[in-house]
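Colleague: based on what follows, work out the 3D shape:
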Amino acid sequence: MPTDLQPVFLVYATVIGAAIGSFMNVLVSRLPRGESPVRPRSRCPSCSARIAWFDNIPIVSWLVLRGRCRSCRSAISVEYPLVEAAGAMIWLGAAWLYGPSWHGLSGAILLSLALTIALIDARHYLIPDPLSLGGLAAGLALSLLPGEPTPLASVLGAAAGFSVLLLVGVLGEWAFKKPAMGGGDMKMMAMVGAFLGPSGAMLTIFLGALVGTIVFAPVSLRTDREVPFGVFLALGAATAFLLGDALVDWYAGMFID
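Modeller: Numbering: from 1, shown residues only. Down below sits the predicted model:
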């Protein structure tokens, strides 16, 4: 890319990411309730007043309104601009690291999906099918474009991610006499495998299980709370996409002189 066009591309990616972040807020709010993310138009959760387009500009509108509804002056959660900012950073980061490439687009989509799933699973212990299965379709479609993974690797990755968690679920239920793995986690890993291929899927599961065990297992043992495994799988997927090759090379180097 010509140097003089790079700032324009980065700004464009940031604006797109903020808009994606705004839509992520809609998904986080509506999908757990089984509502359409498209209709009705955005409304204030307190007074049900329709939100005008100029009050729905990512990040900017929240700052202009000082975090309050224009109609009833009820507080609007700071989570909204934070998620929009996270979306902007994801897309800016992908543009900065990978430029105008299919790999960068794939990474931005995967990380946006992963963050949306993590937010929903942390709050509701739920991974909606429209995200996991829609993401699976997107990952398989993107594999048809130049770069990695290839279509075959994408299919194998989806199958591997789903199958490994299915096996863990079956064995866990046999050992503990209760469900050990949710179907949403399995579908999510099919999605991740479609984006990252078999090795990326395995690394995601390993990292998710490792971090989940360290961070949440002690809490779960004391309180008997379920583990929102999708949160840790999302973190593992992001790490596998960004650092997967380096981690695999580092691990292999421990055994090869």
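Colleague: in contact with residue 128, which residues?
Modeller: The contact partners of residue 128, taken as Cβ atoms under 8 Å, 6 or more residues apart in numbering, are 27, 31, 32, 120, 184. (Each C-beta comes from the backbone N, C-alpha and C, glycine too.)
Colleague: now with 7 Å, please.
Modeller: 31, 32, 120 (Cβ atoms under 7 Å, 6 or more residues apart in numbering).
Colleague: any idea which helix or strand carries residue 153?
Modeller: For residue 153, the element it lies in under DSSP states H and E is helix 151-176.
Colleague: avg pLDDT for that helix?
Modeller: Per-residue pLDDT values over helix 151-176 give a mean of 88.
Colleague: so which other helices or strands are in contact with it?
Modeller: If contacts are counted by 3 or more Cβ pairs under 7 Å, 6 or more residues apart in numbering; DSSP states H and E, helix 151-176 sits against helix 129-142, helix 183-215.
Colleague: now the last one: buried residues?
Modeller: Of the residues in helix 183-215, those buried by neighbour count under the rule 16 or more other Cβ atoms under 10 Å are 184-205, 207-209, 211-212.
Colleague: now swap in stretch 53-62 and tell me
Modeller: So, applying 16+ other Cβ under 10 Å, buried residues of stretch 53-62: 55, 58, 59, 61, 62.
Colleague: narrow those residues to those in strands?
Modeller: Taking DSSP state E, every one of those sits outside strands.
Colleague: got the phi/psi numbers for residue 68?
Modeller: Dihedral pair for residue 68: phi -140, psi 150, per degrees, to the nearest 10.
Colleague: surely it meets residue 77?
Modeller: No - judged on Cβ atoms under 7 Å, residue 68 makes no contact with residue 77 at a distance of 11.0 Å.
Colleague: okay, the helices and strands packed on helix 151-176 in TSV with mean pLDDT and distance to residue 154 next?
Modeller: Output for the helices and strands packed on helix 151-176, formatted as TSV (pLDDT from 0 to 100; distance: least, Cβ to Cβ, whole Å):
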stretch	mean pLDDT	distance to residue 154
helix 129-142	96	5
helix 183-215	92	5
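Colleague: turn those helices into a markdown table, including distance to residue 12.
Modeller: Formatted as a markdown table, the helices and strands packed on helix 151-176 follow (distance: least, Cβ to Cβ, whole Å):
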| stretch | distance to residue 12 |
| --- | --- |
| helix 129-142 | 20 |
| helix 183-215 | 23 |
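Colleague: go through the ones you listed and name the closest to residue 73.
Modeller: Closest approach to residue 73 among these (Cβ to Cβ): helix 129-142, 33.2 Å.
Colleague: convert the closest one to PDB, retaining C-alpha atoms only.
Modeller: The C-alpha coordinates for helix 129-142 follow below in PDB (Å, rounded to 0.1, in the frame of the first residue of the first chain):
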ATOM      1  CA  ASP A 129     -26.300 -20.100  17.500                       C
ATOM      2  CA  PRO A 130     -26.500 -17.100  15.200                       C
ATOM      3  CA  LEU A 131     -23.000 -16.200  16.300                       C
ATOM      4  CA  SER A 132     -21.300 -19.600  16.400                       C
ATOM      5  CA  LEU A 133     -23.100 -21.100  13.300                       C
ATOM      6  CA  GLY A 134     -23.000 -17.700  11.400                       C
ATOM      7  CA  GLY A 135     -19.300 -17.400  12.300                       C
ATOM      8  CA  LEU A 136     -18.700 -21.000  11.100                       C
ATOM      9  CA  ALA A 137     -20.200 -20.100   7.700                       C
ATOM     10  CA  ALA A 138     -18.100 -17.000   7.500                       C
ATOM     11  CA  GLY A 139     -14.900 -18.900   8.400                       C
ATOM     12  CA  LEU A 140     -15.600 -21.500   5.700                       C
ATOM     13  CA  ALA A 141     -16.400 -18.800   3.200                       C
ATOM     14  CA  LEU A 142     -13.300 -16.800   3.900                       C
END
